[in-house]
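*Asks:* I would like to see how this sequence folds:
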Amino acid sequence: MKNPTVDSITETDAASIIGSIFRVRRDLVKIVKEHVIDRSGVTLEHADVLVDLYGAKERHWPDPPAIEGSGGWVTFSALQKSVVNNTPELVTRRLRDLKEKGYVEIARVTKAEAKKLGIDAKSKKAMVTPMGAEKGREIHEKYGRVKPPVVTPAPPGEFSGRNEGQGF
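*Replies:* Residues are numbered from 1 along each chain as shown. Now for the predicted structure:
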């Protein structure tokens, strides 16, 4: 059978897939808290921000994007789009907490950056410090050693009825 396409997936299949994603996320959060975050000195939410900033500066990840030519600075708005639980207030609070620990720097975007990015000149940006990059690298490496729960994919074309009646 052919691989399913978006058009071939029923509403029931879509609901089942989305429910499965939420269950996997729930299970992964528990594993990450126990095997990565435990004794790291940061919360899961702080680690989310720190690893994203580490990735932008040190690994040149596209999400969140570093400001071109900035050496790794990321706008608050780009970071907000990248992290979980991403209200502006929560992202700002996490960044302030990380700054207090010496893991990030915070600054206003330059006028040139604001103009180039089409954002308000009062916008802020953040970047990991060397200490923050080390902590981000440490957490990122631990992510790679986590053994997530096994997810058995449905065989191609066999979405229908897979979780029927089981709900989320």
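
*Asks:* Name all residues that make contact with the most centrally placed residue in the chain.
*Replies:* Centroid-nearest residue in the chain, with Cα atoms, centre = their mean: Val83, separated by 4.2 Å. Shown in contact with Val83 (Cβ atoms under 8 Å, 6 or more residues apart in numbering): Glu45, Asp48, Val49, Asp52, Val91, Arg94. For glycine as for every other residue, the C-beta is placed from the backbone atoms N, C-alpha and C.

*Asks:* rerun that using 7 Å as the cut-off
*Replies:* Asp48, Val49, Asp52, Val91 (Cβ atoms under 7 Å, 6 or more residues apart in numbering).

*Asks:* which helices and strands sit right next to the helix or strand where the third one lies?
*Replies:* Secondary-structure assignment from DSSP states H and E places Asp52 in helix 44-58. Applying 3 or more Cβ pairs under 7 Å, 6 or more residues apart in numbering; DSSP states H and E, we find helix 44-58 packed against helix 76-82, helix 88-100, strand 124-128, helix 130-145.

*Asks:* So Leu79 sits against Thr92, correct?
*Replies:* No - using Cβ atoms under 7 Å, Leu79 makes no contact with Thr92, being 9.8 Å away.

*Asks:* quick one, which of the two is more surrounded?
*Replies:* Taking neighbours as other Cβ atoms under 10 Å, Leu79 and Thr92 compare with Leu79 leading, 24 against 16.

*Asks:* Now do the contacts for the more buried one.
*Replies:* Val49, Asp52, Pro64, Val91, Ala126.
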